[in-house]
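**Student:** next input, structure requested:
(chains A and B)
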Amino acid sequence: MKNTIVEMKNVYQAYDEDLIIKNLSFCVEKGSIGCLLGQSGCGKTTALRTIAGFEKIVDGEILLNGKTVSSKGWSLPPEKREIGMVFQDYALFPHLTIFKNIAIGLGHLTKTEKIKIISKVLETVHLEEYKDKYPHEISGGQQQRVALARALARMPKLILMDEPFSNLDINLREKISMEVRGILKEYGITALLVTHNQNEAFAIADEIFVMKNGELQQWDSAFNIYHKPANKFVAEFIGEGVLLNGIITENKEVSTALGLIKGEFSDTFERGAAVDILVRPEDIIHSDESNMKAKMLSKAFRGESILYTLQLENGEKILCLASSHHEHPIGTMIGIRLEVDNIVLFKNKSKGGHP
Amino acid sequence: MGFYLKFFPGGWRIAVFSVAMLVAVPVLVIFYSLLVPTDDVWDHLVNNVLNNLLINTFWLVLGVSIITSVIGVSLAWITATCDFPARAFFSWALLLPLAMPAYVLAFVFIVLLNFSGPVQSTLRMWIPPEYFWFPNARSTWGVVTVMSLALYPYVYLIVRNGFITQGMRTIEAAQSLGFDRRQGFFKIILPMVRPWIAGGLMLVIMETLADFGAVSIFNFDTFTTAIYKSWFGFFSIDAAAQLSSILVIFVFIVIIVEQRMRAKMRYSQTGRGGSSVQLFKLNGVLRWTLFGYSSSVLLIAFIIPCIQLIIWTLNVIEHEFTSRYYELLTNSLMLGILASLLTCILALIISYAKRHHPDKPTGFLVKISTLGYAMPGTILAVGIFIPTAYVDNLLIALSMQWFQIERGPLLQGTLLVMVFAFMVRFMAVGFNSIDSSMHRITKNIDEAARGMGIKGFNMLRRIHIPILKSGILTAATLVFLDVMKEMPITLMTRPFGWDSLSVKIYELTSEGEWERAALPSITLVLAGLIPIFLLMRKSDKL
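**Tutor:** Alright, predicted model coming up:
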């Protein structure tokens, strides 16, 4: 039997007249790590805060552990929800030492119990020797770990994290998000976090909820969100890639500026339908022998590879990820080949409206 | 010797050193007088007065501290975090009492609360005489109340800033750790904003210790009034200096605590505040309770006194709005302009010195130069009078000896001494706003300008002055208005028979001529509104 920790059921949230969240439904299972992903202003942080109980909802229902905690006109106070929260700016108490920052949330325990738990969580985040320091005396990454330790110490059923890595150095983010994932899994704590950074989401989450304008766009694994985007927004928001114009021909083929493409279609279309086909940079293989040529407009050197922006004969642009051993001057024609099995297609409503 | 060689290459350092010495002289003179043998007046003071002064000062400081922190913190919390009617209005309006000098509030209160005043008269109409009791306004509680109402905005302003930068996030963090809002406030937020509360309180205590006008209207003897009486009543400048030296010790304690609190506030800035500040939604009764509380404070501390002043002014305007008033006004304005000119020029010099030499010795000298903000005006008046008199006597003796010319004092009782005293007192006010705009001229700006071929005087004219302009203007305005309101220095160092608005208020109120004091008072209140509007403009989301 499934054990659902958080469940959002058709939740609406609004400030004054503006709807921030529209009909949002998803759930996170016990022990799993969910991630709300979207651009800033998409409502992801608000969604998190409704679960924490800091925001009231105008319609729908939120369940924690099977019990309703928010519904239309009713809200269980945040402190009764048994949720741990890691804030974007960590919200450590500046007047307390690291030890006391954690201890203050363990008010009901005896002193020995407190010391035992705090030593354990500080060991987990590798900060035992910092327990008597004040927050301003440690680095941002360390503060972030203290915030996590403070939430962990109470052994909540759910930990919410609001952009937990956004204040960290960019080089540290992926490493720390992997570490945090390890810690959460070790403690078996369910978590839901919010981020605008897809690499973070991929690194930490079991399930990703892509949001736009307060609505859920796709709820899936990282793999599927990248390879099987549910709609054009997700296709363009996640990863790099372009949408090429195409027409469905007979025999399950698409006619595009890259020629006829065949394979597994993500959706079925009638013959003659105008479609957009998602082409990722790694789907375009650079090969000097190929007959198909494209003009190189620009290139970005990335060390192990080069990302070329190419122009096809009909003017459409595509991206091509090639080994960085090849070096071609800008403006030359280079040979390319398409290699794709699962073809992601969307219906083209306004034909020819893509870059 | 090595220290001096290392320290003195460069005019900026000599300049800041000179200003620091000028400021330090009056303070050092006061300290020195601790060592001077005592005279009869001093013995009289110790035997009959000192005990009383210490007790009065103790109760005054304690009472004002308690009331200002309760009023200031509670108002700061509700306006920063709770949703209630007219919250945005109260957020800035609760600062308005800053515009009212404590001595103005003091005499208005005395009249409103005395036996024949409107409050007691109204109460007597309702309460039968056998049950009627009303506390005497001219008492410790009266002074404490008036000073608290005049000074709570310091706590309010600073603590509110603490709540805004820290409060919302923290209360949410507290809730996520299982505290409800009330527990979160008392167990986490309040301890957390302690540096802010203490910082605001230290300013309040400085002002309380420095106050001369309000306590003298209440005939409440404190060190400042005793210093004045020793000098102008017993004509003993030595006794005045000795009283000052005791007071200055208290002041130094307060300065040290204040500096430490400032450092703590800096540590506690965790940067980025909350992105979306969400106010607490309250039920109807509570909303209107908060509204009632905020409006009562505003009414009692500002609106009612203002109305009373306006009524009096209208009563006497025919007799008072004369050339005599213009003379007072001109004197006050002139004094303000001269003092703010001198202060701003020196503040600019110190600020440049600090910019050119961002090292410890310079920082220390800058601290000394701005020490006067904590010094009660009475102490400075004494501390400046003594060296002035010494120089004057020297000059008189020399002119007798060398030229056989008998002449009076050159410096004593001149505007020059007065303006100098104001500079010492208000240097911090001028320096802080100039220095904060100086921080905007980074080294990179200089280098970028030089890269475009702008240098020397052109750099000053085209880059520095435009950037500093608003800071200098703010500094000049603030110093100007502080000088206009200032009472003890003006009273004690003015040229003979020379009156300003504040001195006139002192004279009229000590004769019980309340109505006639209203016109100069309302003038000062109007002028005092200017810095509040400046403050509001600066912190757009107050």
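**Student:** tell me which element A:Ile277 is part of?
**Tutor:** Element membership for A:Ile277, per DSSP states H and E: strand A:274-279.
**Student:** now stretch B:229-241: mean pLDDT?
**Tutor:** The predicted model assigns stretch B:229-241 a mean pLDDT of 85.
**Student:** which bits of chain A sit near chain B?
**Tutor:** Applying Cβ under 8 Å from any Cβ of the partner chain, we find that chain A lies next to chain B at A:52-55, A:77-79, A:82-85, A:87-95, A:104-105, A:107, A:134-136, A:150-151, A:154, A:167. The C-beta positions use only the backbone N, C-alpha and C, and glycine is treated the same way.
**Student:** how is chain A divided into domains?
**Tutor:** A:4-235, A:240-347 (automatic domain parsing).
**Student:** nearest to B:Ala214, of these?
**Tutor:** The closest approach between B:Ala214 and any of the domains of chain A, judged by Cβ to Cβ, belongs to domain A:4-235 at 34.5 Å.
**Student:** surely B:Asn56 touches B:Thr222?
**Tutor:** Yes - here B:Asn56 reaches B:Thr222: they are 5.5 Å apart, a contact under Cβ atoms under 8 Å.
**Student:** compare the two (neighbour count), which wins?
**Tutor:** Here B:Asn56 and B:Thr222 are compared on neighbour count by other Cβ atoms under 10 Å in any protein chain shown; more neighbours surround B:Thr222, at 27 against 19.
**Student:** report the contact partners of that one.
**Tutor:** When contacts are counted by Cβ atoms under 8 Å, 6 or more residues apart in numbering or on different chains, B:Thr222 is found next to B:53, B:56-57, B:60, B:209, B:211, B:215.
**Student:** can you pick the most crowded of those residues?
**Tutor:** In the contacts of B:Thr222, the most neighbours by other Cβ under 10 Å go to B:Asp211, 30 neighbours.
**Student:** pLDDT at that residue, what is it?
**Tutor:** Predicted confidence (pLDDT) for B:Asp211: 93.
**Student:** identify the residues contacting it.
**Tutor:** The neighbours of B:Asp211, taking Cβ under 8 Å, 6+ apart as the test, are B:102-103, B:147, B:222, B:224, B:376.
**Student:** can you name the residue of the stretch 151-300 of chain A nearest chain B?
**Tutor:** A:Arg154 (6.8 Å; Cβ to the nearest Cβ).
**Student:** quick one: contacts for A:Lys133?
**Tutor:** A:Lys133 makes contact with A:97-98 under the criterion Cβ under 8 Å, 6+ apart.
**Student:** so it, which of the three states?
**Tutor:** Under DSSP: H, G, I helix; E, B strand; the rest coil, A:Lys133 falls in the coil class.
**Student:** nearest to chain A, of the contacts of B:Thr222?
**Tutor:** Compare each of the contacts of B:Thr222 with chain A using Cβ to the nearest Cβ and the shortest gap goes to B:Leu209, at 27.6 Å.
**Student:** residues making contact with the lowest-mean-pLDDT helix or strand in chain A?
**Tutor:** Counting by mean pLDDT, DSSP states H and E, the weakest-scoring helix or strand in chain A turns out to be strand A:264-265, with a mean of 80. Taking contacts as Cβ under 8 Å, 6+ apart, the residues outside strand A:264-265 that touch it are A:252, A:341-343, A:345.
**Student:** buried ones only from those residues, please, as a PyMOL command.
**Tutor:** Buried residues within those, by 16 or more other Cβ atoms under 10 Å in any protein chain shown, are selected in PyMOL with:
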select buried, chain A and resi 343+345
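**Student:** residues contacting the spatially most central residue of chain B?
**Tutor:** Within chain B, the residue whose C-alpha comes closest to the C-alpha centroid is B:Glu207; the distance, by Cα atoms, centre = their mean, is 5.6 Å. Contacts were defined as Cβ under 8 Å, 6+ apart; by that measure B:Glu207 touches B:102, B:151, B:154.
**Student:** tell me the SS of residue 202?
**Tutor:** Went with chain A since none was named. For A:Phe202, the assignment made with three-state DSSP gives helix.
**Student:** name the helices or strands packed onto the helix or strand encompassing A:Thr45?
**Tutor:** Secondary structure here is read from DSSP H and E; on that basis A:Thr45 sits in helix A:44-52. Helix A:44-52 sits against strand A:4-15, strand A:18-29, strand A:33-37, strand A:59-64, strand A:83-86, strand A:158-162, strand A:190-195, with contacts defined as 3 or more Cβ pairs under 8 Å, 6 or more residues apart in numbering or on different chains; DSSP states H and E.
**Student:** of all those, which one comes closest to A:Ile238?
**Tutor:** Ranking these by proximity to A:Ile238 (Cβ to Cβ) places strand A:33-37 first, at 8.2 Å.
**Student:** I'd like to know which elements that closest one is packed against.
**Tutor:** On a contact count with 3+ Cβ pairs under 8 Å, 6+ apart, strand A:33-37 meets helix A:44-52, helix A:170-187, strand A:190-195, helix A:198-204, strand A:207-212.
**Student:** re earlier: buried stuff in the strand holding A:Ile277?
**Tutor:** So, applying 16+ other Cβ under 10 Å, buried residues of strand A:274-279: A:275-279.
**Student:** one more: stretch A:72-89?
**Tutor:** By neighbour count with 16+ other Cβ under 10 Å, stretch A:72-89 contains the buried residues A:75, A:78-79, A:81, A:83-89.
**Student:** centre of the chain versus stretch A:163-182, how much separation?
**Tutor:** A distance of 13 Å separates the C-alpha centroid of stretch A:163-182 from that of its chain, computed with Cα atoms, centre = their mean, to the nearest Å.
**Student:** pretty sure B:Val23 sits in a strand.
**Tutor:** No - residue state for B:Val23 (three-state DSSP) corresponds to helix; a strand is not indicated.
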